[in-house]
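Novice: Structure of the sequence below:
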Amino acid sequence: MKTIVTALGLSCLMAPAAMANKVYVSNEKGNTISVIDSETWDVVDTFHGGNRPRGITISPDGKHLYVCASDDDTVRVFDAVTYEELWTLPSGPDPELFVLHPSGNPLYIANEDDNLVTVVDTASHTVVAEIPVGVEPEGMAISPDTKYVVNTSETTNMAHFIDTSDYKIKHNVLVDQRPRYALYTDDGSKLFISSEIGGTISVIDPNAEGGPKTTTKITFEVPGVQPEWLQPVGMKVTSDNKWLFVALGPANRIAVIDVDQNEVVDYILVGQRVWQLAFTPDQKFLITTNGNSNDITIIDVDAKKAIKSVQVGEQPWGVVVAPD
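Specialist: Next comes the predicted model:
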């Protein structure tokens, strides 16, 4: 028995430690990308991300980091390990947000200044299509079945449903003022649109007969916080489709929403002007970017509590975590 215990103990000692993920944060005013270790939550590196880096995502294999360099009118592509800039992708003027096809190709980019969604082949680095949409396009989402890309246009106050097979707009849905972000549940049964100035989340049934329809709107109320400060922007939903987390901008709060009931159940205090969100791959942690306090907040998802803040660069905007 002693031999067995010793062998088990030795195997435990020799077992490899859990690997940490890298967290990448785009710092809009600092023109940098901060790299954070998700185990220690230390900033382990910083590199130049172009001029006014905002939207940020990573390829499914974790090799390539894509950054919207808004003031450079391009998407910069970096090696996710060495941080070397590899190439740029054509995007049109002022790219702000984008969404990558789950296969890694193509990339769908919202170009705020020319009212277009640009479709770029990430292998050939060429423009596949330019799709006219509403005024000031920003939010981008792709349906789980990849049949539709959704763009939100801030000034038109509309969500456009673009067919990925022919790049034609098939449906338009009016939402509240200044829609900033679009997000599907993983099962594709709901689409959420955050309206920053309207102060609401539009809950859309994308599969409704006759085309997508808004089924309800979620509003926010925080004691002691002015209603005009409750400005929903970035969102993330858990893979079990139970919990939606919403960044509320200058309210410095994350709203926690019961997806089944479409009701806010809690608010989590974070840093100043919370903007975008990202889960770690296991969804144990949610990371928020806080633009005016120049930090990120780490939230324990199960406990729904903020557990740590980490200083990053100047005006953190976007965040993405390397896949496992």
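Novice: isn't residue 249 right next to residue 231, touching?
Specialist: Yes. Counting by Cβ atoms under 8 Å, residue 249 does reach residue 231; the two are 3.6 Å apart. Yep, even glycine has a C-beta here, placed from its N, CA and C like the rest.
Novice: where do the contact lists of the two overlap?
Specialist: Residues touching both residue 249 and residue 231 (Cβ atoms under 8 Å, 6 or more residues apart in numbering) are residue 196.
Novice: Name the nearest residue to residue 32, sequence neighbours excluded.
Specialist: residue 313 (4.5 Å; Cβ to Cβ, 6 or more residues apart in numbering).
Novice: Next, count neighbours for that neighbour.
Specialist: If you count neighbours by other Cβ atoms under 10 Å, residue 313 ends up with 22.
Novice: Show me the strands in the stretch 1-150 of the chain, by range?
Specialist: 22-27, 32-37, 43-48, 53-58, 64-69, 74-79, 85-90, 95-100, 107-111, 116-121, 126-132, 137-142, 148-153 (DSSP state E, counting those that start in this stretch).
Novice: Pipe these into a markdown table and attach mean neighbour count per row.
Specialist: What follows is these, written out as a markdown table (neighbours: other Cβ atoms under 10 Å):
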| stretch | mean neighbour count |
| --- | --- |
| strand 22-27 | 26 |
| strand 32-37 | 22 |
| strand 43-48 | 15 |
| strand 53-58 | 24 |
| strand 64-69 | 25 |
| strand 74-79 | 21 |
| strand 85-90 | 15 |
| strand 95-100 | 24 |
| strand 107-111 | 26 |
| strand 116-121 | 22 |
| strand 126-132 | 15 |
| strand 137-142 | 25 |
| strand 148-153 | 26 |
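Novice: out of those, nearest to residue 167?
Specialist: Taking Cβ to Cβ, strand 126-132 is the member of the strands of the stretch 1-150 of the chain nearest to residue 167, at 4.3 Å.
Novice: Just want the angle from that closest one to strand 148-153.
Specialist: 60 degrees (axes from the mean of the first three to the mean of the last three Cα atoms, to 10 degrees).
Novice: So that it lines up with my notes, have the first residue be 2 from now on.
Specialist: Shifting the count to begin at 2 puts that one at strand 127-133.
Novice: how much distance is there from strand 127-133 to the middle of the chain?
Specialist: 22 Å (Cα atoms, centre = their mean, to the nearest Å).
Novice: Partner strands of that strand, with direction?
Specialist: strand 117-122 (antiparallel) (DSSP bridges).
Novice: Show me the contact partners of the partner strand.
Specialist: With Cβ under 8 Å, 6+ apart as the criterion, strand 117-122 contacts 76, 90-93, 96, 106-112, 127-134, 138, 141, 150, 152, 161, 163, 168.
Novice: Apply 6 Å and report the result again.
Specialist: 90, 92-93, 107-112, 128-132, 134, 152 (Cβ atoms under 6 Å, 6 or more residues apart in numbering).
Novice: What is the lowest-pLDDT residue among these?
Specialist: Of all the contacts of strand 117-122, residue 93 has the smallest pLDDT value, namely 85.
Novice: what sits against it?
Specialist: When the contact criterion is Cβ under 6 Å, 6+ apart, the partners of residue 93 are 112, 115, 117, 119.
Novice: What separation is there between the second one and residue 100?
Specialist: Counting by Cβ to Cβ, to the nearest Å, the gap between residue 115 and residue 100 amounts to 18 Å.
Novice: swap in the first one?
Specialist: Between residue 112 and residue 100 the computed distance is 13 Å (Cβ to Cβ).
Novice: For the stretch 2-151 of the chain, give me the ranges with low pLDDT.
Specialist: Applying pLDDT under 70 to the stretch 2-151 of the chain flags the ranges 2-20.
Novice: what about 50?
Specialist: 2-18 (pLDDT under 50).
Novice: what about the helices in the protein?
Specialist: 3-15 (DSSP state H).
Novice: Tell me the pLDDT of the spatially closest residue to residue 259 that is not a sequence neighbour.
Specialist: Counting by Cβ to Cβ, 6+ apart, residue 259 lies nearest to residue 266, which is 5.2 Å off, once chain neighbours are set aside. With respect to pLDDT, residue 266 scores 98.
Novice: My guess is residue 266 contacts residue 257. True?
Specialist: Yes. Using Cβ atoms under 6 Å, residue 266 makes contact with residue 257 at a distance of 5.4 Å.
Novice: and these two? which has more neighbours close in?
Specialist: residue 257 (19 against 11).
Novice: Skipping its backbone neighbours, what lies nearest the more buried one in space?
Specialist: residue 267 (4.2 Å).
Novice: What degree of burial does that neighbour show, as a neighbour count?
Specialist: 13.
Novice: Residue 252 versus that one, what's the distance?
Specialist: Residue 267 is 14 Å from residue 252, by Cβ to Cβ.
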